[in-house]
Each structure stands twice: as structure tokens, then as C-alpha cells.
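**Q** model this:
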Amino acid sequence: MKLSCLVVEDDPTNRIWVTQLLRLRGLEVQAVANAEAALELLHERSFDLLIVDWVLPEMDGLTLTRKVRVSHPDTIILVVTGRTEAGALEQVMASGASDYLAKPFTAPALYARLAVSEARVMDRRSRQQAEGEVRTIVEGIPDAVVFWDTQGTIRRVNDSFTRMTGRSSESCIGRNKGILYLNPEEWKADKKRFKQKDSVLYERSYLKADGAHFLAESSTGPVTAQGQQVGWVTIFRDISRRVEMAERLRMTDRLAQIGLLSAGVAHEINNPLTFILINLNVLSQELGDLDPDKKDAVIQDLLTVVADAEEGCQRVTEIIKALRTFARGDDHRPEKVMLSELVSNALVVLNATLRRRAQVITHFDDAPTVLAPPGDLAQVIINLIKNAEETIGHDERGTINIHVGTLNGQALLEVRDEGPGIPNNVQVRMFDAFYSTKAGRNTGLGLATSQSIVTRLGGVITCESYMGRGTTFRVLLPPA
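**A** As a prediction, this is how the structure comes out:
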């Protein structure tokens with residue numbers, strides 16, 4: 001690319017002669033007769049090089065140089081002067097000129113000074129190109145980047161930093177990097193860590209503009225210029241989602257192991273329970289034979305005890321049946337199942353907590369059977385019932401209504417609570433995986449998994465909620 005040059009010379013002969021010499025050199029040249037014209041032209045465009053005569057009408061060349069240095073700090077300015085008095089050269093350089101050329105001068109002398117100026121321009125272009133490439137890379141990467149000086153003052157951030165922290169560059173530049181830390185002591189500890197010359201890898205929680213915070217994987221290393229350290233650069237990425245997902249996947253794995261354990265326990269309990277039921281039945285018949293007229297009070301009391309024991313065993317049998325249903329999560333073979341039966345099994349499993357916190361009202365109408373893996377569909381039901389239970393306040397007792405029926409030829413399941421309702425901003429995200437408003441108490445997978453299962457079965461799951469009036473989850477499934 002040609003170098004661009006602006007010649008400011010009031011003498012027409014000199015102006016034409018210098019312009020021709022520069023064009024022979026291969027430069028793109030424009031020439032004006034005074035400083036005012038030069039400033040007008042510089043307002044429209046920039047030049048790599050200015051050749052300015054010191055003596056100009058109205059505004060002199062040194063005044064022009066000072067103005068140009070403010071508006072165009074990277075422009076190379078060569079001042080031409082015939083003054084030889086003491087201190088003249090110092091005045092030229094103090095004005096901000098890059099170089100000077102003494103009058104009268106020859107073409108070789110001009111070209112010699114021009115070679116120096118061209119080298120400066122090319123060096124500046126190389127630096128600007130390198131800086132531009134680095135800037136493009138820094139702005140293009142998804143990681144946040146922060147440049148800060150040796151005093152901890154932020155000097156530059158990239159767009160990813162703004163997206164990640166919610167802090168604009170204007171709100172950060174010039175401020176201490178400690179504003180990103182939850183605790184000032186953490187910043188003090190990190191400053192000591194950064195004393196070493198090599199890059200440092202670590203994990204750190206950073207503070208967002210809204211007061212929230214996130215865990216980031218960080219790397220901080222020194223920035224040098226001309227062999228001297230001028231600051232540091234920190235690059236970090238938000239790993240809180242990844243850490244959260246890993247933790248929840250571990251929780252999911254634990255739940256799967258619990259499912260396998262419950263299946264094994266149910267199997268092991270079932271056999272001795274069968275023997276107990278048979279023996280209780282035999283005992284009941286023998287006691288009845290001993291008192292056919294039911295006149296012996298002791299025997300009748302014993303029969304009552306046996307009947308209570310049989311009822312308890314039947315209760316355990318129902319629980320084992322329900323556990324087997326929910327322990328079949330890995331068995332995805334579809335079967336014809338009744339929603340009412342799955343709901344009843346779910347209530348057996350959840351009875352221990354539900355009976356203390358909620359009155360469960362069931363309404364079972366005629367409904368078609370559906371073709372689904374029982375374990376998968378049971379998981380949907382238990383998730384919806386648990387969600388309804390969690391809307392009940394601490395130390396309160398609420399009501400959960402469950403309705404099974406038919407709607408437009410499809411099997412219908414409705415679970416309704418009388419809780420506070422779900423805000424609109426939560427409703428739009430509540431089926432997202434890992435989204436939860438119950439920090440630390442919920443995996444955020446329940447509704448997402450339920451929606452995935454229902455959709456896979458050809459059905460739909462919807463939510464209708466009103467603030468202060470409760471929430472209804474509705475599942476529609478095609479008949480078998």
C-alpha cells in the first residue's frame with residue numbers, strides 16, 4: 001500500500017517541486033498552501049506523513065504541528081525550516097514533530113529524511129496490523145479477557161467479559177480488578193500469587209454487575225513491553241454450569257443406584273413376606289377352628305391381632321409392588337398400563353411424606369390404557385406429585401388434587417396444587433434441563449425429564465398457573 005503524504009507549503013514553486021519528488025518516490029501526495037486548508041483536509045481523512053513548512057501565513061507550521069499531534073497522534077510529521085538560530089531545532093521537536101529538514105535541501109537530502117519517515121510509518125503499520133490481529137482474536141474468543149496494569153487497574157476488557165459479567169468496559173476501565181472478587185481478601189491472595197513470572201492456573205468465583213457470582217477457570221500471565229513487565233492478562237471461562245451439571249449427573253447416578261437397590265430389596269423381602277402371609281393365614285384358620293362359636297374372648301383378640309398383621313403385610317406387598325414399578329427405569333419396554341394404577345402406586349411410595357404435609361384427593365374416571373414403559377411413566381407421575389408437594393409452605397398442610405380421565409379421546413392426568421403459583425419468567429424456563437428455583441434442593445431435571453418422556457410417548461405436558469391460586473400440570477397421552 002502506498003504511503004500517503006500531505007505537503008503544506010505556501011511557496012508554489014517549492015510546493016510543486018516537493019510534490020513531484022514525492023510522487024517519483026511512489027507516494028500518494030496532496031498539497032495545500034496554508035495550515036487552515038491542511039486542517040480541513042485532515043478533518044476528512046488521515047495521512048501517513050506530513051511535510052510542513054515552519055513559516056506559513058497566519059498559522060505557522062509549529063502551531064499546525066501541535067494541533068495535528070493532538071488529533072492525529074500516529075502521523076509522522078516532518079518540519080521544513082530555514083531557521084538556524086539557537087534553539088530553533090528544540091522548538092521544532094518540542095512542537096511534536098517527528099523529524100526536521102533544513103532549507104535549502106536537495107532531492108537526495110529529502111529522500112534520506114523520507115526513508116527514515118517511511119521506516120517509521122511501516123513500523124507503525126506493522127504494529128497496528130499486529131494489534132488489530134490480536135484485538136480480533138481477543139474479541140472473537142468466547143473466554144473473558146482482562147488486561148490490567150501492575151497496580152491492579154483494569155485497562156481493557158473484551159466483549160466476552162461484558163457478556164459474562166454484565167459489566168461494560170466503560171464501567172470497569174480505570175477501576176481496580178478487585179471489583180470482580182466476592183471477598184477483598186481473595187484479591188489480596190491472588191496478588192501475591194501473581195508475583196511469579198509464569199502463568200498461573202486456578203479456579204475463582206467472580207462477581208457480576210447484578211451481585212450474582214459464578215465459578216470460573218482462570219489463567220493469569222504477565223504482559224511485557226520492550227522486556228519490561230507492564231501488567232497482567234487474565235483469561236477466564238464460566239464453568240459453574242459444567243460443575244453444576246457434573247454434580248447433578250452424579251446425583252442422577254446415585255438415584256439410579258438407589259433404584260437398583262430398591263429393586264433388589266423388594267425382591268429379597270417378597271419371599272419371606274410370602275411365608276409370613278401363609279403362616280398368618282394358617283394361624284387365623286387354626287384359631288378360628290378352636291373357637292367356631294366366637295365365644296372365647298382371648299382367641300377373638302388373637303384373631304384381631306393376626307388380622308392386623310395380615311393387613312400390615314398386605315401394605316408391605318403394595319409398597320413392594322410400587323417399588324418394582326419405579327425400579328424399572330432401565331426397562332423401557334412399553335406395556336399397556338392404567339394411569340390410575342400408576343398414580344395409586346406412586347401414592348403408596350410417597351405416603352410417608354405426603355400424609356404429614358398434604359391431603360391428597362384422587363378422582364379416577366374412565367380412561368383409556370396407554371402404551372408406555374411403566375417405570376418411565378411412573379417417573380413422570382411421581383415428579384408431578386413431588387412438585388405439588390413442594391408448593392406447600394413449611395409447617396403447613398395443603399391439598400393436592402389428582403384427576404385421571406379422558407379428554408378428546410386421550411388419557412388425561414391432572415395434578416393440581418393450591419400453592420402460590422409460578423411467575424411467568426419461571427414458566428418459560430421450567431422445562432429446561434437443570435433449571436431450578438430451589439437451589440441445592442433440586443436437580444432441575446424433573447420437569448425436563450418428564451417432558452422428554454411424555455413427548456417420546458406421543459403426548460404433551462402443559463402447565464396452567466395463576467399467582468396466588470395454584471398450578472395445574474396436565475398430561476395427555478394417546479390411547480394404546
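
**Q** Do a quick rundown of the helices in the protein.
**A** 12-24, 35-44, 61-71, 88-94, 107-140, 159-165, 169-172, 184-193, 240-290, 297-326, 339-357, 374-390, 424-427, 446-456 (DSSP state H).

**Q** rank the ones you listed by pLDDT, which is bottom?
**A** Mean pLDDT values for these show the minimum at helix 240-290, a mean of 70.

**Q** just the helices of the chain: most buried one?
**A** Across the helices of the chain, the average number of neighbours (mean count of other C-beta atoms under 10 Å) peaks for helix 374-390, which reaches a mean of 22. C-beta: built from backbone N, CA, C; applies to glycine.

**Q** on that earlier part again, any idea which of the helices of the chain gets closest to Trp148?
**A** helix 169-172 (9.6 Å; C-beta to C-beta).

**Q** Look through this protein and tell me its longest strand.
**A** Secondary structure of the chain read by DSSP state E shows that its longest strand is strand 213-225.

**Q** ok, now which ones touch the closest residue to Asp365 other than its chain neighbours?
**A** Leaving aside its sequence neighbours, Asp365 sits nearest to Gly405 (C-beta to C-beta, 6 or more residues apart in numbering; 3.7 Å). By C-beta atoms under 8 Å, 6 or more residues apart in numbering, the contact set of Gly405 is 363-367, 412.

**Q** Dump those residues to a markdown table, plus neighbour count, pLDDT and distance to Trp232.
**A** Listed next are the contacts of Gly405 as a markdown table, based on neighbours: other C-beta atoms under 10 Å; pLDDT from 0 to 100; distance: C-beta to C-beta, whole Å:
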| residue | neighbour count | pLDDT | distance to Trp232 |
| --- | --- | --- | --- |
| His363 | 11 | 94 | 66 |
| Phe364 | 15 | 94 | 68 |
| Asp365 | 10 | 93 | 69 |
| Asp366 | 8 | 92 | 72 |
| Ala367 | 20 | 92 | 66 |
| Leu412 | 19 | 95 | 62 |
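
**Q** Nearest to Leu182 among those residues?
**A** Distance to Leu182 across these (C-beta to C-beta) is lowest for Leu412, with 48.8 Å.

**Q** What sits closest to that closest one if chain neighbours are left out?
**A** Gly405 (4.8 Å).

**Q** Against Gly221, how distant is the closest residue in space to Tyr181 that isn't next to it in sequence?
**A** Leaving aside its chain neighbours, Tyr181 sits nearest to Trp187 (4.4 Å; criterion: C-beta to C-beta, 6+ apart). Distance, Trp187 to Gly221, by C-beta to C-beta, to the nearest Å: 18 Å.

**Q** Also Ala97?
**A** 38 Å.

**Q** try Val145
**A** 11 Å.

**Q** Ok, Cys172 next?
**A** Going from Cys172 to Gly221 by C-beta to C-beta gives 19 Å.

**Q** Could you do Arg456 as well?
**A** Distance from Arg456 to Gly221, by C-beta to C-beta: 48 Å.

**Q** now Glu185
**A** 23 Å.

**Q** what does Pro57 give?
**A** The value you get for Pro57 to Gly221, if C-beta to C-beta is used, is 55 Å.

**Q** Who has more neighbours out of the two?
**A** A direct count of neighbours by other C-beta atoms under 10 Å for Pro57 and Gly221 places Gly221 higher, at 16 against 10.

**Q** Around the closest residue to that one other than its chain neighbours, how many other residues sit close by?
**A** Distances taken as C-beta to C-beta, 6+ apart place Ser199 nearest to Gly221, at 3.5 Å, with adjacent residues excluded. When neighbours are defined as other C-beta under 10 Å, Ser199 has 14 of them.

**Q** just the one 5 residues further on next, same as before
**A** Residues lying near Arg204 (other C-beta under 10 Å) number 20.

**Q** Quick check: it touching Ala216?
**A** Yes - counting by C-beta atoms under 8 Å, Arg204 touches Ala216, with 5.8 Å between them.

**Q** Identify the contacts common to those two.
**A** Joint contacts of Arg204 and Ala216 (C-beta under 8 Å, 6+ apart) are Phe236.

**Q** Is the residue nearest to Gly221 in contact with Ser219, as I believe?
**A** Yes - counting by C-beta under 8 Å, Ser219 is a contact partner of Ser199 at 5.6 Å.

**Q** Angles on the backbone of Thr106, please.
**A** Main-chain dihedrals, Thr106, degrees, to the nearest 10: phi -100, psi 170.

**Q** per-residue pLDDT, it?
**A** pLDDT at Thr106 comes out at 87.

**Q** and what of Arg204?
**A** pLDDT at Arg204 comes out at 84.

**Q** ok, how many other residues are close to the closest residue in space to it that isn't next to it in sequence?
**A** Nearest residue to Arg204 in three dimensions, chain neighbours excluded: Ser218, at 5.1 Å (C-beta to C-beta, 6+ apart). Other residues within reach of Ser218, judged by other C-beta under 10 Å, total 20.

**Q** Equivalent analysis for Ile173, please.
**A** Neighbour tally, Ile173, other C-beta under 10 Å: 14.

**Q** I figured it hits Val157, correct?
**A** Yes - at 7.3 Å, Ile173 counts as touching Val157 under the criterion of C-beta under 8 Å.

**Q** quick revisit: quick one: residues contacting the residue nearest to Tyr181.
**A** Contacts of Trp187 (C-beta under 8 Å, 6+ apart): 152, 177-178, 181.

**Q** any idea how far the residue of the chain positioned farthest from its centre lies from Ile299?
**A** Residue farthest from the centre of the chain, counting by C-alpha atoms, centre = their mean, is Asp293 at 77.4 Å. Applying C-beta to C-beta, the value for Asp293 to Ile299 is 10 Å.

**Q** Any chance you could list residues touching both of these two?
**A** Contact criterion C-beta under 8 Å, 6+ apart; residues shared by Asp293 and Ile299: none found.

**Q** before we move on, back to that, so which of the contacts of Trp187 is the closest to Gly312?
**A** Using C-beta to C-beta, Tyr181 comes nearest to Gly312 of those, at 59.3 Å.

**Q** my guess is the closest one meets Tyr206, correct?
**A** Yes - the criterion here is C-beta under 8 Å, and Tyr181 meets it with Tyr206 at 7.2 Å.

**Q** For burial, what's the neighbour tally of Arg25?
**A** Neighbour tally, Arg25, other C-beta under 10 Å: 17.

**Q** Contacts only, for it.
**A** Applying C-beta under 8 Å, 6+ apart, the residues near Arg25 are 111, 114.

**Q** now do Phe364
**A** So Phe364 contacts 340, 343, 403-405 (C-beta under 8 Å, 6+ apart).

**Q** Next, format those as a markdown table and append distance to Gly231.
**A** Written out in a markdown table, the entries for the contacts of Phe364 read as follows (distance: C-beta to C-beta, whole Å):
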| residue | distance to Gly231 |
| --- | --- |
| Ser340 | 69 |
| Val343 | 64 |
| His403 | 66 |
| Val404 | 67 |
| Gly405 | 69 |
